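> Mind looking at a prediction? Sequence and model below.
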Amino acid sequence: MPLDRAIQLRLLRHARDAINEYLKGADADATKATWPDDLPQCGAFVTLHNGEHLRGCIGVFLTDESLPDTIARMAVAAARDPRFRSNPVSADELASIRIDISLLSPLEPIDDPMDFELGRHGIYVKQGRHVGCFLPEVATEAGWDKKTFLAECCSHKAGLGQEAWHEPGTEVFRFTVEKLRE
């Protein structure tokens, strides 16, 4: 069931506040708010953009935390995304940052790696200790077909060969998201 828009806006503000507190060196626990008891407990990704430029994207599939705590933690992690270590998000830049939150459905194993819908499903690929995932919009934004989506996830996210998605021992999962956008 989709979240009420007022709750979505509160969660987006909560993510922004967590990043702001982190960038200012404040204790993120200083502003504990009360939240409805019926919020889902689910995985979440927080994505940061400045204009069309990605500035961070970090998430978790499984968590024991409340949804607001998960979002705050992922928001701060996205602001520290290791891909941007040499140019991290700054306090001055925060006003220009757009925050997207992806609330994740549980991972669903699929026997046929092609059994997903582009733009609707994200993918999670696992082979031994190698794992990688892409949110659903990655394929559509890049203009990829299903095979390219899988190959790019294997090679650029999981550190595997591009054809690993159809090798024995590789597991492919799909998931959906509820997208919250500023």
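Structure's in. What do you need? No experiment lies behind these values; they were computed from the predicted model shown.
> need the longest helix for this structure.
Ordering each helix of the chain by length in residues (DSSP state H) puts helix 5-23 first.
> tell me the mean pLDDT for it?
Averaging pLDDT along helix 5-23 yields 96.
> Look up how far residue 128 lies from the residue of the chain positioned farthest from its centre.
Distance from the C-alpha centroid of the chain, by CA atoms, centre = their mean, peaks at residue 168 (27.3 Å). Distance of residue 168 to residue 128, computed by CB to CB, to the nearest Å: 12 Å. All C-beta atoms are positioned from the backbone trio N, CA, C, and that covers glycine.
> Could you pull out the buried residues of stretch 57-77?
By neighbour count on 16 or more other CB atoms under 10 Å, the buried set for stretch 57-77 is 57-61, 63, 67-77.
> Mark which of these are part of strands, please.
Cross-referencing the buried residues of stretch 57-77 against strands under DSSP state E gives 57, 58, 59, 60.
> what domains does the record give for this protein?
5-28+40-104, 108-176 (automatic domain parsing).
> a markdown table for the ones you listed, including distance to residue 34?
Converted to a markdown table, the domains of the chain look like this (distance: least, CB to CB, whole Å):
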| stretch | distance to residue 34 |
| --- | --- |
| domain 5-28+40-104 | 10 |
| domain 108-176 | 29 |
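> between those, which gets nearest to residue 182?
domain 5-28+40-104 (5.2 Å; CB to CB).
> In contact with residue 78, which residues?
Contacts of residue 78 were listed using CB atoms under 8 Å, 6 or more residues apart in numbering, and they are 19, 46, 47, 48, 55, 56, 57, 58.
> Could you report the distance from the first one to residue 95?
In this view, residue 19 and residue 95 are 11 Å apart by CB to CB.
> same question, the third one
Taking CB to CB as the measure, residue 47 and residue 95 are separated by 17 Å.
> The two: who's more crowded?
The neighbour comparison of residue 47 against residue 95 (other CB atoms under 10 Å) goes to residue 47, with 23 against 9.
> where does the more buried one land on pLDDT?
For residue 47, the pLDDT comes out at 97.
> what about it, which helix or strand?
Residue 47 belongs to strand 44-50 when assigned by DSSP states H and E.
> so what strands line up beside that strand?
The strands that strand 44-50 pairs with in its sheet are strand 53-60 (antiparallel), strand 97-104 (antiparallel) (by DSSP bridges).
> and those, which is most packed in?
Ranked by mean neighbour count, the strands paired with strand 44-50 are led by strand 97-104 with a mean of 22 (mean count of other CB atoms under 10 Å).
> contacting residues around it?
3, 11-12, 15-16, 19, 40, 42-50, 55, 59, 61, 67, 71, 75, 89, 122, 135, 175-182.
> quick check: angle from it to helix 5-23?
Calculated by axes from the mean of the first three to the mean of the last three CA atoms, to 10 degrees, strand 97-104 forms an angle of 120 degrees with helix 5-23.
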